[in-house]
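J.: here is a sequence with its predicted model. Questions after.
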Amino acid sequence: MTNRYTQIFPMMPRLIAIIFLLGFIVGCGQQPLPPATPPPAIIHILNWDTYIDPALLDAFTAETGIAIAYHTYGNNDEAYTLLTTSGQSYDLVIISDLLVDRLIREQRLAVLNHERLTNLSHLDPALNRLAADPINRFCVPYLWGVLGFGYHQSAHNQPITSWNDAFDPAHTSRIVMLDDARYSLGLVLIALGYSPNTTDPAAIGAARDWLRARAGRITRFAADDGQAMLARGEAEIVIEWSGDILQVASTDADIRFEIPAEGSIFSADSMCIPFDARNQRGGGGFIDFILTAEHGAALANKTRYISPNRAAFSLLDADLQRLIRRYQALEREGRLFRLVDVDPRVREFYRAAWAEVRR
């Protein structure tokens with residue numbers, strides 16, 4: 001019976017001749033080629049825009065010798081598309097807890113090597129609460145944020161603390177909504193007394209209709225850049241994340257940030273390694289780098305978001321420490337809600353409702 005071994009045997013004399021010839025060439029003084037120089041160490045990071053202290057990227061490269069190719073995105077849908085269809089391999093992704101839920105369920109994330117995460121113990125148990133990943137098997141919290149109103153104080157005769165204030169018919173403010181179905185519709189659902197995670201098409205429709213009835217006041221839908229529009233004077237009220245507004249408020253005393261009195265969405269962004277990452281060790285090294293007290297504090301102080309790093313707390317500036325205590329108090333009062341992923345059928349309800357709002 002012929003098999004793969006008997007097929008190889010007739011080739012043996014030819015192979016011996018080739019080996020002999022190569023040995024003869026080397027013996028005549030022809031040196032073998034030197035080994036190829038390995039490609040430079042690099043990791044590809046995908047993150048929200050305006051969500052890093054650039055100095056930390058340089059510090060990581062200086063400390064480890066690993067270069068960083070830094071990529072950004074504007075909303076969860078864009079991030080999901082980049083991760084699943086762009087063809088680009090990412091070694092670390094920083095994504096919302098809403099997207100973490102989905103990627104874990106779809107088995108798109110690698111299991112983290114906790115032995116190499118020497119600073120994992122720095123996480124504050126009170127802020128290390130990922131519903132889909134309670135033991136940090138796949139992800140580690142990066143920063144926390146709250147959605148609310150960013151506005152110019154001088155354009156209003158009172159603080160903007162509720163949805164009634166924002167859409168008060170007594171003034172004609174230009175309002176910019178965050179261009180994200182789950183977050184924006186979720187905020188309105190809270191204001192209407194529903195869960196922001198509802199699966200009821202009627203409730204989702206009520207949020208859609210509430211926004212459509214006020215469409216004349218909404219001038220634009222922003223892809224996570226509402227704070228820049230506010231800073232340029234292109235909007236008087238924007239619905240944006242706390243840190244983004246507080247970043248521009250640090251250079252413009254007229255800008256304020258308020259959490260809706262009706263309640264809001266409190267979201268964690270986490271550091272995760274995709275299952276197909278080419279440099280998982282480098283991605284894990286960046287996670288551990290951010291978890292140090294010094295780097296965690298630098299990240300929060302720069303971005304004005306909430307740090308989940310208890311070792312970093314004493315290194316945060318006083319204003320940020322006060323904000324963190326305030327946000328934690330609001331959550332204890334039941335005024336802050338976290339989104340969870342919904343099944344594809346319900347996700348389509350939200351997508352279709354948002355498409356009608358944006359028409």
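T.: That came in fine, so what should we check first? Residues are numbered from 1 along each chain as shown.

J.: any low-confidence regions in the protein?
T.: 1-40 (pLDDT under 70).

J.: kindly recompute the last result at 50.
T.: Applying pLDDT under 50 to the chain flags residues 1-30, 33, 37.

J.: ranges for the strands of it?
T.: With strands called from DSSP state E, the chain shows them at 42-48, 67-73, 92-96, 139-152, 175-178, 218-222, 237-241, 255-258, 264-272, 336-337.

J.: got TSV for those, with distance to Phe349 too?
T.: Yep, even glycine has a C-beta here, placed from its N, CA and C like the rest. Listed next are those as TSV, based on distance: least, CB to CB, whole Å:
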stretch	distance to Phe349
strand 42-48	25
strand 67-73	24
strand 92-96	19
strand 139-152	21
strand 175-178	18
strand 218-222	19
strand 237-241	21
strand 255-258	29
strand 264-272	18
strand 336-337	18
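
J.: now do the contacts for the residue nearest the centre of the chain.
T.: Central residue of the chain (CA atoms, centre = their mean): Ile95, 2.8 Å from the mean position. Ile95 makes contact with 46, 76, 79, 103, 269-270, 272, according to CB atoms under 8 Å, 6 or more residues apart in numbering.

J.: how close does it get to Leu56?
T.: Using CB to CB, to the nearest Å, Ile95 is found at 18 Å from Leu56.

J.: and the helices in this protein?
T.: Under the criterion DSSP state H, the chain contains helices at 4-8, 12-27, 54-64, 76-85, 97-105, 163-166, 181-191, 201-212, 226-231, 242-249, 280-290, 293-303, 318-332, 344-357.

J.: what's the fifth one in contact with?
T.: Think helix 97-105. 76, 79-80, 83, 95, 109, 130-133, 138-139, 182, 267-270, 272, 338-341.

J.: can you flag the buried ones in those?
T.: Among the contacts of helix 97-105, the ones that count as buried by 16 or more other CB atoms under 10 Å are 76, 79-80, 83, 95, 109, 130, 132-133, 138-139, 182, 267-270, 272, 338-339, 341.

J.: re earlier: tell me which of the strands of the chain approaches Gly282 most closely.
T.: strand 42-48 (4.1 Å; CB to CB).

J.: between that closest one and strand 92-96, how many degrees?
T.: Angle of strand 42-48 versus strand 92-96, following axes from the mean of the first three to the mean of the last three CA atoms, to 10 degrees, is 10 degrees.

J.: does anything pack onto strand 42-48? Which helices or strands?
T.: strand 67-73, helix 76-85, strand 92-96, helix 280-290 (3 or more CB pairs under 8 Å, 6 or more residues apart in numbering; DSSP states H and E).

J.: mind running it again at 10 Å?
T.: Other elements packing on strand 42-48 under the criterion 3 or more CB pairs under 10 Å, 6 or more residues apart in numbering; DSSP states H and E are helix 54-64, strand 67-73, helix 76-85, strand 92-96, strand 139-152, strand 264-272, helix 280-290.

J.: and the second one, which strands flank it?
T.: The strands beside strand 67-73 in its sheet (DSSP bridges) come out as strand 42-48 (parallel).

J.: related to what we said a few turns ago, and the helices of the chain: which comes nearest Gly148?
T.: So among the helices of the chain, helix 242-249 is nearest, using CB to CB, at 6.2 Å.

J.: okay if I get the contacts of Ile95 as a markdown table plus distance to Gly193?
T.: Compiled in a markdown table, the contacts of Ile95 are given as follows (distance: CB to CB, whole Å):
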| residue | distance to Gly193 |
| --- | --- |
| Leu46 | 36 |
| Asn76 | 25 |
| Ala79 | 30 |
| Leu103 | 31 |
| Asp269 | 28 |
| Ser270 | 30 |
| Cys272 | 34 |
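
J.: report the separation between Glu236 and Leu192.
T.: 24 Å.

J.: so which of these two has more stuff around it?
T.: Glu236 (21 against 14; other CB atoms under 10 Å).

J.: wait, Ala131 sits on Phe337?
T.: No: assessed by CB atoms under 10 Å, Ala131 is found out of contact with Phe337, at 11.9 Å.

J.: and which of the contacts of Ile95 is nearest Gly243?
T.: Of all the contacts of Ile95, Asp269 has the smallest distance to Gly243: 10.2 Å, by CB to CB.
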